[in-house]
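Student: everything below, folded, please.
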Amino acid sequence: MDFFYIEERYFSERGPWVPPVDLFLTEDHVMIFAELPGISKEDVEIIVSSHTVEIRGIKREPREFQYALNFYKLESSYGSFTRQIGVPCDIIADEAETEFENGVLKIKIPIKKKRVVEIPIE
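Tutor: Numbers count the residues shown, from 1 in each chain. Purely as a prediction, here's the structure:
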């Protein structure tokens with residue numbers, strides 16, 4: 001086998017990259033943590049609806065790739081990604097807050113409280 005050969009099968013079996021996420025509930029919020037190493041916050045878009053959070057963006061190749069003569073290992077994925085996350089409760093989408101630090105995107109969304117009203121019988 002040629003030392004410079006990169007096996008095509010390696011790429012076709014991997015499929016598109018999607019960021020791993022953690023989702024958990026606190027008493028008042030839905031919390032989502034997404035691992036986005038090497039991605040700039042300017043390259044990420046977040047869309048929140050009543051039961052879904054969508055994270056999409058692009059993981060760009062390092063500039064140094066343009067000078068590469070050969071790749072001996074190419075295990076990282078690059079390109080566009082989309083991750084849709086179903087949320088197990090009603091949320092208040094327009095009050096979502098985000099924080100992006102050390103390659104981790106944190107999304108905090110308030111849970112919509114169920115309102116119970118007693119109606120008198122007349």
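Student: which parts of the chain are helices?
Tutor: Here the chain has its helices, by DSSP state H, at 8-14.
Student: can you show me the strands along this structure?
Tutor: Here the chain has its strands, by DSSP state E, at 21-25, 29-35, 44-48, 52-59, 79-86, 97-101, 104-110.
Student: in JSON lines, list those strands along with mean neighbour count.
Tutor: From N, CA and C alone the C-beta is placed, and that goes for glycine too. Shown next, in JSON lines, are these (neighbours: other C-beta atoms under 10 Å):
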{"stretch": "strand 21-25", "mean neighbour count": "13"}
{"stretch": "strand 29-35", "mean neighbour count": "19"}
{"stretch": "strand 44-48", "mean neighbour count": "16"}
{"stretch": "strand 52-59", "mean neighbour count": "18"}
{"stretch": "strand 79-86", "mean neighbour count": "13"}
{"stretch": "strand 97-101", "mean neighbour count": "12"}
{"stretch": "strand 104-110", "mean neighbour count": "18"}
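Student: reformat those as a markdown table; add mean pLDDT.
Tutor: Below are those laid out as a markdown table (pLDDT from 0 to 100):
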| stretch | mean pLDDT |
| --- | --- |
| strand 21-25 | 97 |
| strand 29-35 | 98 |
| strand 44-48 | 97 |
| strand 52-59 | 95 |
| strand 79-86 | 94 |
| strand 97-101 | 97 |
| strand 104-110 | 98 |
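Student: no further queries at this time; thank you.
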